[in-house]
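S.K.: Dropping the sequence and predicted coords here.
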Amino acid sequence: MKNVYKITTKKDEPTYKIINGDNVLGLKKIPTRSIDLIATDSPYAINFAGNKWDNDVVSQEALGESFRVLKHGAFMLCFASSRTDHIVKCRAEQEGFIVKDTIMYVYGTGQIHTYKYGREIESELNKLGKTNANLVQEHLNHSIKLRPAYEPCIVLQKPYRKGQTHAQSIICGGCGSMDIYNTRFNNGDKLRYPSNFIHDNSEQVLEQFATTGKSGVANYFYYPKPSVEEKNYGCEHLPKRGKNYSGSISKNKNTKPQANFHDTVKPVALMKHLIEIFCPSGGVVLDIFNGSSSTGVAAIQSKYSFIGIELCPDYCQIGLARMNKHLSDINHPTECEFEVLLTTEEAA
C-alpha cells in the first residue's frame, strides 16, 4: 500500500490552548490536516437570551476552514437547534463534509414562555375600532413555538483521501472509526453500546419510558445538565456577575450572580463521552465555539490535547480558570496556553 501522506504519531504529553478571537482567524493559524476531532456547541441562530453571538449558525467560511484542518476521515460534532440544523448540514455539505448521523440530546428542562397573542390581537382590533372578545380569549395564551426538549448534535465526517480505503485512511491518519466498544456504559444490568440518543435522566424524560420500564431507559447513555458546582469549579476567584451584566458580546440572564454566567454550558461528562467515541487515542480536539470550555475540561479528563477558539473575552477567562483548575488537579506540568487574536470588529 502506498502512503499518500506521512503516518501520524502522537505526542506523549497533551497540550492545551485557548485562542481569544474570531474562529476563522483562529482556524487559519492551525496547520492543514492536524486535528483529529472538532466538537463544538455552535450558535443556534435563535437570538438566545438576546446574545449577539446567537444571530447565525456556524459560518460557511468557518466550516471550510474546519474541513481543511481536519485529517481525512476525522469527524466534526456540531450541536445545533432543531429549527436551524438544516442550515448547518447544507453549509457543511457544500464544503465537502458527509453528514453521517444526528445524535439527539434529550432533556426535560426546556422552558417555554407563552406569548400574550390575545392582548396583541386586542390592541390591533382597537386600532381598527373593532372588538372580538372570543378571538382575544382563544389566542390569549398561544405561542409560536413548542417547548424545546432536545438538541441535535450533527455528526459530520471529512471523506477519506481519494483512492483510500477505510483501513488505509486509519493507518495514515488515525481517523475514520468510532470507538463504540471502550465507550460502552453500564446503566445497572449490563454493558450497552452508545447510540444516537442521549438523555439527561430527568423525571420528565423518565416518564416517557414509563411503559417500557427501567430496561427501556437503561438502553441509553445519560448525563444531566451541569450543576452550578460543575459550571463554577475553578472560577472561585472570578467576579460573580448578576443578570444585568452585559460584556462585549455576552450577557448574563441568570437570576443569581455566578462566576460562570455562560447560558448554554454543556455537561463535561457528555462531551467526554462524545470525544472518547469519535477521537482516536491521544488525538487533538478542537472546539471552534469554546464558550466556557466544557469540551476543554472533557479533553483534559480523557488525556487528549485541546485547542479552543472563543471570541468573547469574558468566556475565555472562565474557560481558562476551569481548565487550569482541572490541570492542577492532575498535576499537569503546565497551564493552559492563552493567545489573543480578536477582531470581528475586535469583539465589539
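M.R.: The structure has been received and is ready for your questions.
S.K.: going forward, measure contacts between C-alpha atoms and count neighbours the same way
M.R.: Fine.
S.K.: residue farthest from the centroid of the chain?
M.R.: Ranked by distance from the centre of the chain (C-alpha atoms, centre = their mean), the top residue is Gly129, with 49.9 Å.
S.K.: Quick one: residues contacting that one.
M.R.: For Gly129, the contact set (C-alpha atoms under 8 Å, 6 or more residues apart in numbering) is empty.
S.K.: so where do the helices sit in the stretch 201-348 of the chain?
M.R.: For the stretch 201-348 of the chain, the helices defined by DSSP state H, counting those that start in this stretch occupy 203-208, 214-217, 228-232, 268-278, 294-302, 313-329, 344-347.
S.K.: Over to the stretch 1-150 of the chain?
M.R.: Using DSSP H, counting those that start in this stretch, helices in the stretch 1-150 of the chain cover 23-28, 60-69, 85-94, 117-127, 133-138.
S.K.: looking at those helices, which is closest to Phe261?
M.R.: With C-alpha to C-alpha as the criterion, Phe261 lies closest to helix 23-28 of these, at 21.2 Å.
S.K.: Leu70: how many residues sit nearby?
M.R.: 26 (other C-alpha atoms under 10 Å).
S.K.: actually Ala269, sorry about that
M.R.: There are 19 residues near Ala269, going by other C-alpha under 10 Å.
S.K.: In contact with His324, which residues?
M.R.: Residue 324: Asn, not His. Applying C-alpha under 8 Å, 6+ apart to Asn324 gives the contacts Gly234, Glu335, Cys336.
S.K.: Same list (those residues) but as CSV, adding distance to Gly163, neighbour count and pLDDT.
M.R.: Shown next, in CSV, are these (distance: C-alpha to C-alpha, whole Å; neighbours: other C-alpha atoms under 10 Å; pLDDT from 0 to 100):
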residue, distance to Gly163, neighbour count, pLDDT
Gly234, 48, 21, 95
Glu335, 42, 18, 94
Cys336, 39, 20, 96
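S.K.: which one of the helices of the stretch 201-348 of the chain is the most hemmed in?
M.R.: Of these, the one with the most neighbours on average (mean count of other C-alpha atoms under 10 Å) is helix 294-302, at a mean of 25.
S.K.: Now tell me what touches stretch 61-68 from outside.
M.R.: Residues from elsewhere that reach stretch 61-68 (C-alpha under 8 Å, 6+ apart): 23-24, 27-28, 32-33, 38, 91-92, 95-97, 158.
S.K.: from these, which would you call buried?
M.R.: Asn23, Val24, Leu27, Ile38, Arg91, Ala92, Glu95, Gly96, Phe97, Lys158 (16 or more other C-alpha atoms under 10 Å).
S.K.: Specify which member of those is nearest to His139.
M.R.: Arg91 (37.3 Å).
S.K.: bridging residues for the most centrally placed residue in the chain?
M.R.: When C-alpha atoms, centre = their mean is applied to the chain, the residue found nearest the centroid is Asp41 (2.2 Å). For Asp41, the beta-bridge partners are Phe79 (DSSP bridges).
S.K.: Help me confirm that it comes into contact with Asp85.
M.R.: No - in this structure, Asp41 is not within contact of Asp85 by C-alpha atoms under 8 Å, at 11.8 Å.
S.K.: residues contacting Phe338?
M.R.: Counting by C-alpha under 8 Å, 6+ apart, Phe338 makes contact with Lys17, Ile18, Ile19, Asn20, Leu320.
S.K.: any chance of the helices of the stretch 201-348 of the chain in a markdown table, with distance to Leu140 and mean pLDDT too?
M.R.: Output for those, formatted as a markdown table (distance: least, C-alpha to C-alpha, whole Å; pLDDT from 0 to 100):
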| stretch | distance to Leu140 | mean pLDDT |
| --- | --- | --- |
| helix 203-208 | 26 | 72 |
| helix 214-217 | 37 | 58 |
| helix 228-232 | 35 | 94 |
| helix 268-278 | 39 | 96 |
| helix 294-302 | 40 | 97 |
| helix 313-329 | 39 | 96 |
| helix 344-347 | 41 | 56 |
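S.K.: picking up where we left off before, narrow the contacts of Phe338 to those in strands?
M.R.: Of the contacts of Phe338, the ones assigned to strands by DSSP state E are Lys17, Ile18, Ile19, Asn20.
S.K.: Distance of the last one relative to Gln258?
M.R.: By that I understand Asn20. Applying C-alpha to C-alpha, to the nearest Å, one obtains 21 Å for the distance of Asn20 from Gln258.
S.K.: For these two, indicate the residue with more neighbours.
M.R.: Neighbours of Asn20 and Gln258, each counted by other C-alpha under 10 Å, are more numerous for Asn20; the result is 26 against 20.
S.K.: beta partners of the more buried one?
M.R.: Glu310, Val340.
S.K.: Perfect, that will be all.
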